[in-house]
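[1] Sequence first, predicted coordinates after that:
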Amino acid sequence: MLARIWDSDGVYAFRHSPAAIIAAIVAILVIGGAVFAPWIARTDPYDLSSFNLLDGLLPPVWESGSDPRFLLGTDDQGRDMVSSILYGARLSLMIGLSAMAIATVLGVTLGLAAGYYGGKFDAVVMRIADVQLALPAILTALLIDGIARGILPPDQQENLRVVVLTIAIALSLWVNFARTARASTFVERNKEYVQAAMIMGQHPLRVMFWHILPNILGPLLVIMTVDLASAILLEATLSFLGIGLPADSPSLGTLIRIGMGFLFSGEWWILWVPALFLVALVVSINILGDFLRDVFNPRLR
């Protein structure tokens, strides 16, 4: 069985794609570092007792005046940049994966139902999607975040910022899943195996999720990969603008926003180290998404 998997088209294409291999290595290293951050990181950026203000603004080890304990230097609070980036990636990935999961469930469910039932339900869902597509994702997320701030009690807003940010990002990304699932369902609905299941009297939910969904997973997996990168970038953008997470939550966007204050003061590493880390993460995910697109659609190879 392992030999069969090794000789499959997808694995063969992966083994002969240097860009996909490098992207996979980068993604594995980043995700692994984020998952095991409590064991890998030298200090905990959430714990005020784990860093010292006297260690603030130390440069990376290849510059003079550095400290070998801090490979990529420290910020103005004395926090190790490597530790802050690992914990920041951990938080950004958690928000991105959660938002993508919510967007996937919502978008695929609405798309399946719209493609299966058609009629007025399909028209309503698609018009809502068209209206949302007319707005950039960041404006949709800002609108949802603003509505949540107006509804939630002031004493609960700080505790629920991660939840609100995750939901705001998810509700701005569900449209791609819905439109793709709807178009694929239109094609699958007229095939013989779906018609046979309908004639046998199977429940529509069983037909949609048991028969149709497994056959449209290919394009949905590609969108999941691309939207994960979009969710991470959207979180970073909102946090950079001060709308997302607070300064004491070291997501990648928050670290970049803090580093902007030191851009022209000589402490370049506070901005560029997390920015380059974010670029590497997003580019690697996008490359893997392009690779999956080619695998599921051989005509694009």
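    Arrived safely, thanks for sending.
[2] longest single helix anywhere in the protein?
    If you go by DSSP state H, the chain has its longest helix at helix 81-117.
[3] buried stuff in that one?
    81-100, 102-104, 106-116 (16 or more other Cβ atoms under 10 Å). C-betas here are computed from N, CA, C, even on glycine.
[4] same check, this time on stretch 206-213
    207-208, 211-213.
[5] quick one: the helices in the stretch 151-300 of the chain?
    154-157, 161-171, 174-189, 192-199, 204-206, 217-240, 252-260, 269-296 (DSSP state H, counting those that start in this stretch).
[6] for the protein, which spans come out with low pLDDT?
    For the chain, the stretches with pLDDT under 70 are 1-10, 157-158, 244-248, 297-301.
[7] Swap in 80 and give it another go.
    1-16, 45-56, 145-146, 148-150, 152-160, 201, 241-250, 263-266, 292-301 (pLDDT under 80).
[8] Please compute how far stretch 20-30 lies from its chain's middle.
    Centroid separation between stretch 20-30 and its chain, computed with Cα atoms, centre = their mean, to the nearest Å, is 15 Å.
[9] Same question for stretch 198-209.
    33 Å.
[10] swap in stretch 273-291?
    The answer for stretch 273-291 is 11 Å, by Cα atoms, centre = their mean.
[11] Going by neighbour count, list what's buried in it.
    273-275, 277-278, 281-282, 284-291.
[12] How much space separates the most centrally placed residue in the chain from Leu271?
    Nearest to the mean C-alpha position of the chain, counting by Cα atoms, centre = their mean, stands Leu228 at 2.8 Å. Distance of Leu228 to Leu271, computed by Cβ to Cβ, to the nearest Å: 24 Å.
[13] nearest to Ala129, of the helices of the stretch 151-300 of the chain?
    Judged by Cβ to Cβ, the one of those that comes nearest to Ala129 is helix 174-189, at 4.6 Å.
[14] Sort out which residues of the closest one are buried, please.
    Applying 16+ other Cβ under 10 Å to helix 174-189 flags 174-182, 184-185, 188-189 as buried.
[15] Of those residues, which is the nearest to Val35?
    Phe177 (25.5 Å).
[16] pretty sure the closest one is touching Val108, no?
    Yes - shown here, Phe177 and Val108 form a contact pair, counting by Cβ atoms under 8 Å, at 5.2 Å.
[17] overlap in contacts of these two?
    Overlap of the contact sets of Phe177 and Val108 (by Cβ atoms under 8 Å, 6 or more residues apart in numbering) consists of Leu220.
[18] Distance-wise, check Arg42 relative to Ile138.
    Counting by Cβ to Cβ, the gap from Arg42 to Ile138 is 34 Å.
[19] And for Leu288, nearest residue in space, chain neighbours not counted?
    Residue nearest to Leu288 in three dimensions, not counting chain neighbours: Ala23, with 5.1 Å by Cβ to Cβ, 6 or more residues apart in numbering.
[20] if I read this right, Leu278 contacts Ile256, doesn't it?
    Yes - Leu278 is within contact range of Ile256, at 7.0 Å (criterion: Cβ under 8 Å).
[21] Excluding residues flanking it in the chain, which one is nearest Ala24?
    Leu288 (6.4 Å).
[22] count of residues packed around the closest residue to Ile270 other than its chain neighbours?
    Once flanking residues are discounted, Ile270 sits nearest to Gly259: 4.0 Å by Cβ to Cβ, 6+ apart. Burial measure for Gly259: 22 neighbouring residues, criterion other Cβ atoms under 10 Å.
[23] and what of Leu142?
    That count, for Leu142 with other Cβ under 10 Å as the rule, works out to 18.
[24] same thing with Leu29?
    13.
[25] got it, and Ser64?
    Ser64: 5 neighbours (other Cβ under 10 Å).
[26] any idea how far Gly242 is from it?
    Ser64 is 34 Å from Gly242, by Cβ to Cβ.
[27] Please apply the same query to Leu276.
    Counting by Cβ to Cβ, the gap from Leu276 to Gly242 is 22 Å.
[28] next one: Leu91
    16 Å.
[29] Please, which helix or strand holds the closest residue to Thr237 other than its chain neighbours?
    Of all residues not flanking Thr237 in the chain, Ile138 sits nearest, at 5.9 Å (Cβ to Cβ, 6+ apart). Using DSSP states H and E, Ile138 sits within helix 137-151.
[30] can you pull the buried residues of that helix?
    137-138, 140-142, 144-145, 148.
[31] Now do it and helix 174-189, the angle between them.
    110 degrees (axes from the mean of the first three to the mean of the last three Cα atoms, to 10 degrees).
[32] show me the contacts for Phe70.
    42, 55, 58, 60-61, 80-82 are the contacts of Phe70 under Cβ under 8 Å, 6+ apart.
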